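Novice: Provided below are the primary sequence and the corresponding predicted coordinates.
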Amino acid sequence: MDRPDEHLIQAMAVLDENALAELHSRYAPYLTGMARKMLNDSDDVQQCVQDAFMKAWDAAKTFDPTKASVKTWLVTITHRTVLNKI
């Protein structure tokens, strides 16, 4: 059974790589599509999405579910990563 997003973030906070992989498989296609609308180079798109997941990994301990959903949080991280690339 799939774990809820918030549980995956909590697991990432204690360095559970399987949680990162599950979150990646859940959201990478959506985030890639979003980044593709902003960047022309597919390598840049993939790099930005990868960087965004690494930033999420590093910041998992600071995630606050009262401020945003996991999806919104990941979209924000990805959007800012793409903007920094432009």
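Specialist: Received it, and whenever you're ready, just let me know what you need.
Novice: show me what the lengthiest helix in the chain is packed up against.
Specialist: The single longest helix within the chain, with elements called by DSSP state H, is helix 17-38. If you count contacts as 3 or more Cβ pairs under 8 Å, 6 or more residues apart in numbering; DSSP states H and E, helix 17-38 packs onto helix 5-13, helix 42-59, helix 70-85. Yep, even glycine has a C-beta here, placed from its N, CA and C like the rest.
Novice: reformat those helices as a markdown table; add mean neighbour count and mean pLDDT.
Specialist: Shown next, in a markdown table, are the helices and strands packed on helix 17-38 (neighbours: other Cβ atoms under 10 Å; pLDDT from 0 to 100):
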| stretch | mean neighbour count | mean pLDDT |
| --- | --- | --- |
| helix 5-13 | 19 | 94 |
| helix 42-59 | 17 | 95 |
| helix 70-85 | 17 | 95 |
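Novice: nearest to residue 30, of those helices?
Specialist: helix 70-85 (7.8 Å; Cβ to Cβ).
Novice: number of residues surrounding the residue lying closest to residue 74 once chain neighbours are set aside?
Specialist: Closest residue to residue 74 apart from its sequence neighbours, by Cβ to Cβ, 6 or more residues apart in numbering: residue 27 at 5.4 Å. Residues within reach of residue 27, counting by other Cβ atoms under 10 Å, total 22.
Novice: please apply the same query to residue 86.
Specialist: 8.
Novice: hmm, it is touching residue 38, no?
Specialist: Yes. Judged on Cβ atoms under 8 Å, residue 86 makes contact with residue 38 at a distance of 7.0 Å.
Novice: need the helices and strands packed on helix 17-38 in a markdown table with distance to residue 20, can you?
Specialist: Output for these, formatted as a markdown table (distance: least, Cβ to Cβ, whole Å):
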| stretch | distance to residue 20 |
| --- | --- |
| helix 5-13 | 5 |
| helix 42-59 | 6 |
| helix 70-85 | 12 |
